[in-house]
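Peer 1: Need a 3D model of the following:
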Amino acid sequence: MSGLYSTIDNSSLLKFLFYPRRHHSKPPGNAFDLKIPVEEEINIVCRAYQANQNYPWILYFHGNGEVVSDYDGIAPLYTERGLNLLVADYRGYGASGGNPTFSSLVKDAGTIFDYVYDNVSDGNDSRDWFVMGRSLGSISALELAASKVGLLKGMIVESGFISVTGLIYHLGLPSPGDLSDLENEKRRLASGVQIPALVIHGENDRLVPISQGRDLFETLGSEQKEFVAIPRADHNDIMFVDSEKYIQAIAGFVQENKLRGQG
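Peer 2: Predicted coordinates:
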C-alpha cells in the first residue's frame with residue numbers, strides 16, 4: 001500500500017510529519033549494528049541488542065524524532081526479561097541514507113524484516129520473531145503483521161494510530177487532499193491482521209489520542225488481542241511512568257505466543 005501515501009509524500013506536510021536526526025553513536029558491548037540495503041546506495045542502519053541467541057526477537061520500529069542510539073538505555077528493559085531487541089531506523093535517521101517518506105517507510109519494512117529474519121537468528125531454528133511499532137513505527141508494524149503471515153508470532157503497537165487523516169486534523173496541520181483511499185486501505189489492512197496483537201497506549205497521550213489506539217485495536221482482525229492502557233502516561237513518557245506494567249505486558253505477550261504454531 002506504499003503508493004497510497006504518495007499524496008502526503010508529495011505535499012508540504014512531509015516536513016511536519018518527519019523529524020529525522022543524524023545522531024549515531026557506537027553500540028554498547030552487548031549490541032551490534034547492521035547496515036541493510038533497501039535501495040541502490042541507500043542502507044538502513046539497525047541496532048541489535050542480543051542477550052541470548054535462544055531468546056525471541058522483537059523487530060522494533062521507533063517513534064518520530066528518535067534514532068537507534070536512543071535505545072541503548074532502554075534495551076535492558078527488554079533483555080532483562082528474556083527478549084532480544086532489534087531497533088530499526090528510517091531513511092534519513094541516524095546513520096541511514098536517503099530521505100524519509102511514508103512510501104519508503106512501508107516498502108523498507110518488508111526489506112528489513114526479510115534481512116533480519118534470514119541473518120540474525122544466529123542458529124536459533126525456532127525463529128521466534130515479533131514486530132513492534134511505536135507511534136510512527138506502527139505503520140511499519142501493521143504492514144508486516146498483515147504481509148508476513150506465518151513468519152511472525154505476534155504484533156505489538158505502542159502509541160499507534162489507525163487514521164492518518166484524524167491525526168493530521170488533531171495536530172492542526174493542513175489537509176493534503178483526499179486521503180479516503182488510504183484510510184480505507186489502512187483499515188482493510190488492520191482488519192486482515194490475524195496474528196496475536198497487543199496494543200499499548202498512554203491514557204493522557206496528547207499527541208496521538210488514546211481513541212486512536214482503541215480504534216486500531218477494535219479494527220484488528222486478530223482473534224487474540226489485548227489492549228493495555230497506562231494511567232497518567234503521555235506520548236513520550238509512556239515507558240517510564242509505569243515501566244513495570246509496560247514491560248510486563250510486552251514480555252508476557254511474547255512468552256505466551258512464542259511457541260504458537262509449534263507442535
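
Peer 1: what residues are up against the spatially most central residue of the chain?
Peer 2: Closest to where the C-alpha atoms of the chain average out (CA atoms, centre = their mean) is residue 133, at 1.7 Å. Listed by CB atoms under 8 Å, 6 or more residues apart in numbering, the contact set of residue 133 reads 60, 61, 139, 140, 141, 142, 155, 156, 157, 158, 160. C-beta coordinates here come from the backbone N, C-alpha and C atoms, glycine included.

Peer 1: nearest spatial neighbour of it, skipping sequence neighbours?
Peer 2: residue 141 (2.9 Å; CB to CB, 6 or more residues apart in numbering).

Peer 1: Could you report the neighbour count for that neighbour?
Peer 2: When neighbours are counted by other CB atoms under 10 Å, residue 141 registers 26.

Peer 1: Over to residue 231?
Peer 2: 10.

Peer 1: didn't it look like it was pressed against residue 201?
Peer 2: No - in this structure, residue 231 is not within contact of residue 201 by CB atoms under 8 Å, at 11.0 Å.

Peer 1: hang on, the earlier thing: filter the contacts of residue 133 down to just the ones in helices.
Peer 2: Counting by DSSP state H, the part of those found in helices is 139, 140, 141, 142.

Peer 1: mind checking how far residue 135 is from residue 91?
Peer 2: Distance of residue 135 to residue 91, computed by CB to CB, to the nearest Å: 17 Å.

Peer 1: oh sorry, the question was meant for residue 213
Peer 2: The value you get for residue 213 to residue 91, if CB to CB is used, is 26 Å.

Peer 1: Pick out whichever of those two has more residues nearby.
Peer 2: Neighbours were counted for residue 213 and for residue 91 using other CB under 10 Å; residue 213 has more, 26 against 21.

Peer 1: Which residues lie in contact with the more buried one in this structure?
Peer 2: 157, 159, 160, 161, 199, 200, 201, 205, 227.

Peer 1: what sits up against the helix or strand bottoming out on mean pLDDT in the chain?
Peer 2: One helix or strand of the chain scores below all others by mean pLDDT, DSSP states H and E: helix 14-17, with a mean of 86. Around helix 14-17, the neighbours that count as contacts under CB under 8 Å, 6+ apart are 8, 64, 100, 101, 102, 171, 173.

Peer 1: same thing but 10 Å
Peer 2: Contact partners of helix 14-17, identified using CB atoms under 10 Å, 6 or more residues apart in numbering, comprise 5, 8-9, 11, 64, 99-102, 136, 164, 167-168, 171-174, 176.

Peer 1: just how off-centre is that helix within its chain?
Peer 2: 19 Å (CA atoms, centre = their mean, to the nearest Å).

Peer 1: pull the CA atoms of that helix into CSV?
Peer 2: Extracted C-alpha coordinates of helix 14-17, given in CSV (Å, rounded to 0.1, in the frame of the first residue of the first chain):
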residue,chain,number,x,y,z
LEU,A,14,6.1,15.8,4.9
LYS,A,15,8.3,18.3,6.7
PHE,A,16,5.8,18.4,9.6
LEU,A,17,5.4,14.6,9.9
